[in-house]
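J.: Model the following, please.
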Amino acid sequence: MKIGLFNELDCNLDNYFKEMKKVLKVGLKKLDIKKVEFNVIIVSNDYIHELNKNYRGIDRETDVISFALEDDKTFNPEGRVLGDIYISLDKAKSQAEEYGHSLKRELCFLAVHGMLHLLGYDHMKKDEEEIMFNLQDEILESAGITR
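T.: Numbering: from 1, shown residues only. So this is what the prediction gives:
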């Protein structure tokens, strides 16, 4: 498994990257996925705003955007390059404060959320949301990431 972690900002995120990689590996193990590749890229609010505007037609920043290389929800991810996850550090910081938990927890949550999207999970319908959100919670708890 190859998880690329990239920081497009002028700050040190090494400790957060270590935790994010750990929780993503726990998630892949829980899903019994042994060999995949994807990237997590930490960016500014301005950068993610442009992505959101250009690719989703939504003219505002967001916390996380996943760009999956496969749109087919029935594909087998094993041995594939899944895509890229972009996370806004600014938004992660504000949400961590808003929800009363650590930045580490918020970044790990957003990374798991993005990874699940790359794997075909979604939350557009109530039943899909329940499955995806329960899985997020299980992965974070298994990795020892709590609120």
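J.: which residues in this protein form helices?
T.: In chain order, the chain shows helices spanning 14-30, 45-56, 89-99, 103-118, 126-142, with DSSP state H as the criterion.
J.: what's the most buried one of those?
T.: Greatest average neighbour count among the helices of the chain goes to helix 103-118 (a mean of 23), per mean count of other Cβ atoms under 10 Å. C-beta here means a position set from N, CA and C on the backbone, and glycine is covered the same way.
J.: contact partners of that helix?
T.: Under the contact criterion Cβ atoms under 8 Å, 6 or more residues apart in numbering, helix 103-118 has outside partners 15-16, 19-20, 23-24, 27-28, 38, 40, 42, 63-66, 68, 77, 82-83, 85-87, 89, 92-93, 95-96, 99, 132, 135-136, 139-140, 143, 145-147.
J.: circling back: for the helices of the chain, could you give me a markdown table that also reports mean pLDDT and distance to residue 7?
T.: Putting the helices of the chain into a markdown table (pLDDT from 0 to 100; distance: least, Cβ to Cβ, whole Å) gives the following:
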| stretch | mean pLDDT | distance to residue 7 |
| --- | --- | --- |
| helix 14-30 | 97 | 8 |
| helix 45-56 | 96 | 12 |
| helix 89-99 | 97 | 8 |
| helix 103-118 | 97 | 11 |
| helix 126-142 | 95 | 22 |
